[in-house]
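Asker: pasting the structure only:
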């Protein structure tokens, strides 16, 4: 395989790992309302006979910092959405008011905030594992290229350094996102 292609694929895989972590961080509760907290929720819609994401079924807004307002596009899905929220691991209970679900977000206790910080750190470590896995795959591909005679040994060492530099950059980026999310979670 072409060494340039290997580096591009490695960069792409690492970037996807960082973006995935950022997306996961968005779902971590910080004590203030955010549509991302519930938009990925899986809802089993009885009338449709299938599972759909909440963002496909309703308009999700945050009229104030402690409230999420969910307005289904089809009022027939209101009960299904309410059930999905209650059964989720979010620990939130909404109230149905007409054709809208109001979801108050309670203030987090210090103990719960610390649990959320641990969860964020764990997500960050999992993302780092994905980044390092991409590094390992790229280095293996480069070594195979050297073994097959596509690149020289000097070129192999230079490319390995490039992969390591890229890895360090992505790990630092992840650390910054983790620190930012920790600060956001711990802010009262």
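Answerer: All right, it came through fine. Bear in mind the structure is a predicted one, so any value in this text is a computation, not a measurement. Numbering: from 1, shown residues only.
Asker: I'd guess residue 47 is in a helix, am I close?
Answerer: No. With DSSP: H, G, I helix; E, B strand; the rest coil as the criterion, residue 47 is assigned coil and is not in a helix.
Asker: do you know how far the nearest residue to it once chain neighbours are set aside is from residue 58?
Answerer: Among residues not flanking residue 47 along the chain, residue 76 sits closest, at 5.3 Å (C-beta to C-beta, 6 or more residues apart in numbering). C-beta here means a position set from N, CA and C on the backbone, and glycine is covered the same way. Applying C-beta to C-beta, to the nearest Å, the value for residue 76 to residue 58 is 12 Å.
Asker: the residue nearest to residue 47 belongs to a helix, doesn't it?
Answerer: Yes. Counting by three-state DSSP, residue 76 is found in a helix.
Asker: what pLDDT is listed against it?
Answerer: Note on residue 76: pLDDT of 86.
Asker: what's the distance between it and residue 125?
Answerer: 42 Å.
Asker: likewise for residue 11?
Answerer: For residue 11 relative to residue 125 (C-beta to C-beta), the value is 21 Å.
Asker: same check, this time on residue 30
Answerer: 20 Å.
Asker: of those two, who's got more company?
Answerer: residue 30 (20 against 12; other C-beta atoms under 10 Å).
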